[in-house]
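Peer 1: Let me see the structure of the following:
(2 chains)
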2 protein chains.
Amino acid sequence: MIKIVLIGGGNVASHLANQFIDSKDVQLVQIYNRNILKIEKFKSVTKITNDIQKLEKADIYIIAISDNAISYFSKNLNLKDKLVVHTSGALNLNCLKSDSKKGVFYPLQSFSKNIKIDFSKVPICIEAKNEKDYKLLEKLAKSLKSPVYNVSSEKREKLHVAAVFVNNFTNHLYHLGEEICNSEKLPFDILKPLIKETSNKIKNISPKDTQTGPARRNDTNTIKKHLNLLTKNQQEIYTLLSNSITKMYGEKL
Amino acid sequence: MIKIVLIGGGNVASHLANQFIDSKDVQLVQIYNRNILKIEKFKSVTKITNDIQKLEKADIYIIAISDNAISYFSKNLNLKDKLVVHTSGALNLNCLKSDSKKGVFYPLQSFSKNIKIDFSKVPICIEAKNEKDYKLLEKLAKSLKSPVYNVSSEKREKLHVAAVFVNNFTNHLYHLGEEICNSEKLPFDILKPLIKETSNKIKNISPKDTQTGPARRNDTNTIKKHLNLLTKNQQEIYTLLSNSITKMYGEKL
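Peer 2: Modelled structure (predicted):
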């Protein structure tokens, strides 16, 4: 049984808490949050506190708070010889300033408040400074049935940028698509089957090989026509992404 | 029973042919293609030809060939009083130069050679110059169990650009994500659950409301850090899309 103290009251912390509560191999001993109201919903299943001096004993202390608070918060932890990990994709292991053993337990997924996530499909990127701690984090990830990846801080930083491209920027392209639909009083629903198919296609085929469209065909007539239909902001994005596609496939616009 | 002559041997034509063959309300009387080898696979279920002078009688002639060939091809059709439609998202109805009745039957989906498509999820955008032809095209779309949208040429052109954003450009972002993974010798598989979740989220929530990430938070430190990890091409795209997100949500970088 792995004993966990969880620190945080946001999306990642809440999703992890629910997983730990359900897992037979994990005992969630306590949740800490500065604002106790945000974790009151867990009062019936575990101890909760907002007093940093009253953390319970555990095998792993998981800090799932916002990136910019982790360093400062970890400085105040008095957990010598304990394993303290953060859950951030963007931050180096060494941003943890606790006088403790250190690690990272990064679930690579986008968590929303009311959307349930199947953890058996969430890749967990782990890192630790020694083999024993690594094995413990691996065991924790496996108790959630998650696929485990050994990812160093340097690689994880890059991976986090890649995640920004395929998640945040992709979502923004959806937003621009919706904006164009709205301007024509067309329902955004009309694009949803295409969005689904686009994301499905790359399951088994590299996106390099599924690329289609005017830029891939170097179809400058269609590109020109499209640019005439767009706002300035949409035009800039259309041009840059089309150029990037054309360059990638070795042709010039 | 709607009688169809289908013109073309590419992806859209082949997918449509298979649907028509399966539909009880449609009779696929003939397929024409310049290169007869590409349609030989249909020889056992319908007539095939590569002779434009030998088109059979039908209610609708569907031209599913590449955009840049439609105008020239349609000029040579001798189908007075017949309904001739094209299947292009990008082209105006008037690009059809046949001396016939005209319409558009545009299935808004990305078709690949070996991936089966569920037509009951493919929005069909239709357009015709008179009510009777429109009703016939609507009946045809409904025989495939597809959702039908009445979309004018002007709106369809815009819709086609929106499709480029959510399909072609999104696929390119996946490609850039894979490129970053490759440079770190990380498997692209690690990003696939995130890609799936990103496309799932917008099923019921506007992408405007699902936007997350450094640009949405106006987190300039993370943005600067990310830019340092990227190639010049990736940097340009990262910067432009981040600026667009930040502008959209009313803050300045």
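
Peer 1: Now do the contacts for residue A:241.
Peer 2: For residue A:241, the contacting residues are A:215, B:169, B:172, B:237, by C-beta atoms under 8 Å, 6 or more residues apart in numbering or on different chains. Bear in mind the C-beta positions are built from the backbone N, C-alpha and C, glycine included.

Peer 1: can you pull the contacts of the first one?
Peer 2: Under the criterion of C-beta under 8 Å, 6+ apart, the contact partners of residue A:215 comprise A:223, A:241, A:242, A:243, A:245, A:246, A:253, B:168.

Peer 1: Measure how buried the first one is and give me the count.
Peer 2: Residue A:223: 20 surrounding residues under other C-beta atoms under 10 Å in any protein chain shown.

Peer 1: any weak-confidence spans in the stretch 151-253 of chain A?
Peer 2: Low-confidence segments of the stretch 151-253 of chain A (pLDDT under 70): A:251-253.

Peer 1: all helices for the stretch 151-253 of chain A, in order.
Peer 2: Listed in chain order, the helices of the stretch 151-253 of chain A (DSSP state H, counting those that start in this stretch) span A:153-163, A:170-183, A:192-201, A:207-210, A:214-217, A:220-228, A:232-248.

Peer 1: how about the ones you listed, which one is nearest residue B:77?
Peer 2: helix A:220-228 (22.9 Å; C-beta to C-beta).

Peer 1: Counting by contacts, list what that closest one packs against.
Peer 2: The elements that helix A:220-228 packs onto, with contact taken as 3 or more C-beta pairs under 8 Å, 6 or more residues apart in numbering or on different chains; DSSP states H and E, are helix A:214-217, helix A:232-248, helix B:153-163.

Peer 1: how close does the residue nearest to residue A:111 when sequence neighbours are not counted get to residue A:110?
Peer 2: Excluding its sequence neighbours, the residue lying closest to residue A:111 (C-beta to C-beta, 6 or more residues apart in numbering or on different chains) is residue A:11, at 4.2 Å. Look at residue A:11 and residue A:110: by C-beta to C-beta, to the nearest Å, they are 9 Å apart.

Peer 1: Settle it for me: which of the two has more neighbours?
Peer 2: Between residue A:11 and residue A:110, counted using other C-beta under 10 Å, the more crowded position is residue A:110 (21 against 17).

Peer 1: wait, doesn't the more buried one sit right on residue B:211?
Peer 2: No - the criterion here is C-beta atoms under 8 Å, and residue A:110 misses it with residue B:211 at 10.7 Å.

Peer 1: now the strands for chain A?
Peer 2: With DSSP state E applied, chain A shows strands at A:2-7, A:26-32, A:47-49, A:60-63, A:83-86, A:101-107, A:124-128, A:148-150, listed in chain order.

Peer 1: Chain B is nearest to which of the ones you listed?
Peer 2: Checking the strands of chain A against chain B by C-beta to the nearest C-beta gives strand A:148-150 as the closest, at 5.9 Å.

Peer 1: Thought residue A:73 was touching residue A:67, still the case?
Peer 2: No - using C-beta under 8 Å, residue A:67 is not in contact with residue A:73, being 10.9 Å away.

Peer 1: out of these two, which sits in the busier spot?
Peer 2: Between residue A:67 and residue A:73, residue A:73 has the larger neighbour count (other C-beta under 10 Å), namely 21 against 18.

Peer 1: okay, which residue of chain A is out on the far edge from center?
Peer 2: Of all residues in chain A, residue A:221 has its C-alpha farthest from the mean position, at 39.1 Å, by C-alpha atoms, centre = their mean.

Peer 1: give the contact list for it.
Peer 2: residue B:68.

Peer 1: Mind pulling the model confidence for residue A:132?
Peer 2: Looking at residue A:132, its pLDDT reads 97.

Peer 1: neighbours of it, just the number please.
Peer 2: Counted by other C-beta under 10 Å, the residues lying close to residue A:132 total 10.

Peer 1: need the contact list for the closest residue to residue A:89 other than its chain neighbours.
Peer 2: Excluding its sequence neighbours, the residue lying closest to residue A:89 (C-beta to C-beta, 6+ apart) is residue A:160, at 3.8 Å. By C-beta under 8 Å, 6+ apart, the residues touching residue A:160 are A:89, A:90, B:226.

Peer 1: Just the buried ones out of the residues you listed, please.
Peer 2: In these, burial by neighbour count holds for A:89, A:90, B:226, counting by 16 or more other C-beta atoms under 10 Å in any protein chain shown.

Peer 1: from memory the first one sits against residue A:110, does it?
Peer 2: No - under the contact definition of C-beta under 8 Å, residue A:89 does not touch residue A:110, with a separation of 10.5 Å.
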